[in-house]
Structures are given as structure tokens and as C-alpha cells.
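Q: Structure for the following, please:
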Amino acid sequence: MVSRKRILILGGVFLFSALMMLVSNHQVLSAVEDEEQLATGPGDLSPAPADEHPPAKALLLPRKRVSPLTREARKGKALYEYYCALCHGLSGDADGFNAYGLRTLGTPPAKHSDPSYMLTLSDTYIGDVIRVGGRENGRSPLMPPWGGVLNDDEITDLISFLRTLAQPGSKVGS
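A: All right, here's what the predicted structure looks like:
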């Protein structure tokens, strides 16, 4: 026989999950309303006579999403999030998961969101650091070489995204 306490706990879990689904659905519907614009067609929207079909409520058209990133930078963003963000952080603030350990070792990761720093680096130099690693370029020996993993086009895409992180007032990496 199931104890009364167990029934109460299971009921609470059920109610909690149902409540969370309601909240989630409300948030999704609110987001949809914010994301879409109401566009009505021409014509009278007054009630139709009883023998006709009621008029359509409205036609909802999605807004066109415009990315501030070029196609190359969008591909570079995906690569950055996968290969670089662990140390350099998602927005290039040198605050990734491994950044504390690297700072402790005396070799903090580069801060890609700092425009004054990034303007001193050429695309060729950044590509070389990515391709052969930090040690070969006088940087941190803990910066791994990605040349065996990333091809030249991917490195170019990555550099395109890195340049967007260093634009003043830009937070496209987040």
C-alpha cells in the first residue's frame, strides 16, 4: 500500500511540473507575440452574416531576423564557441572556464574584446597564432596549435569573428 506521504510527494511533483509547463508555454507565447507583427489584409473585419464563414482573425508574419555578422563571421562564431571560448570566454573577455587556471599559471588568455589590443595584431599574425600555437609566436605556450584541426578557410572565418568582438560597444559574441 502506498503511504500517504508518498502520494503527497508525487502529487507535489506532478503539480510542480504542470506549473512549470504552464509558465514555459506562457513565456513562449509572450516571445512569439514580441517576435511577430500583426498584419491584416484589406477588407472589412466586421462579423460576417450567419450563412458565411467568419473572417480570418489576422495573418501573423514573422519579422526578418538580421544578423550583424557576415556569413564568414557567423561560421567563425561557431568555431570560436567550440574551440576558443573555453579559455577566452564567449564574448572574448578572457573569462572562460580555463581562464582562472591560466592566470594562476601566469599566462592569461588574450582578451579578444579589447579593441586597443586587437588593433595591434594583424590578421596574418592572428592566423599564425591559431595555426601553430602560442609558443611559436612568442605567446603563451598553453595556446594550442589548431592548424591540424582547422583549415585555412575556417581560420579566416575565425579571424572575421574575432574582429567583431573587438568592435567598440559590440557584444555580438554573447
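
Q: ok, for residue 77, nearest residue in space, not its chain neighbours?
A: Excluding its sequence neighbours, the residue lying closest to residue 77 (Cβ to Cβ, 6 or more residues apart in numbering) is residue 161, at 4.7 Å. The C-beta positions use only the backbone N, C-alpha and C, and glycine is treated the same way.

Q: quick one: that neighbour from residue 135, how far?
A: 24 Å (Cβ to Cβ, to the nearest Å).

Q: and those two? which has more neighbours close in?
A: residue 161 (25 against 14; other Cβ atoms under 10 Å).

Q: Mind listing residues that contact the helix or strand where residue 162 lies?
A: Using DSSP states H and E, residue 162 maps to helix 152-165. Applying Cβ atoms under 8 Å, 6 or more residues apart in numbering, the contact partners of helix 152-165 are 68-70, 72-77, 79-80, 83-84, 91-92, 112-113, 118, 123, 126-127, 130-131, 146-147, 150, 170, 172-173.

Q: among those residues, which ones are buried?
A: Buried by 16 or more other Cβ atoms under 10 Å: 72-77, 79-80, 83-84, 91-92, 112-113, 118, 126-127, 130-131, 146, 150, 170, 172-173, out of the contacts of helix 152-165.

Q: Can you name the element that comes right after the helix or strand of the chain with the lowest mean pLDDT?
A: The helix or strand of the chain with the poorest confidence is strand 36-39; it has a mean of 42 (mean pLDDT, DSSP states H and E). Per DSSP H and E, the first helix or strand lying C-terminal to strand 36-39 is strand 59-62.

Q: okay, the angle between the very next helix or strand once past that next one and helix 152-165?
A: Next along the chain after strand 59-62, taking DSSP H and E as the criterion, comes helix 71-79. Helix 71-79 and helix 152-165 are oriented at 90 degrees to each other (axes from the mean of the first three to the mean of the last three Cα atoms, to 10 degrees).

Q: Nothing else from me, thank you.
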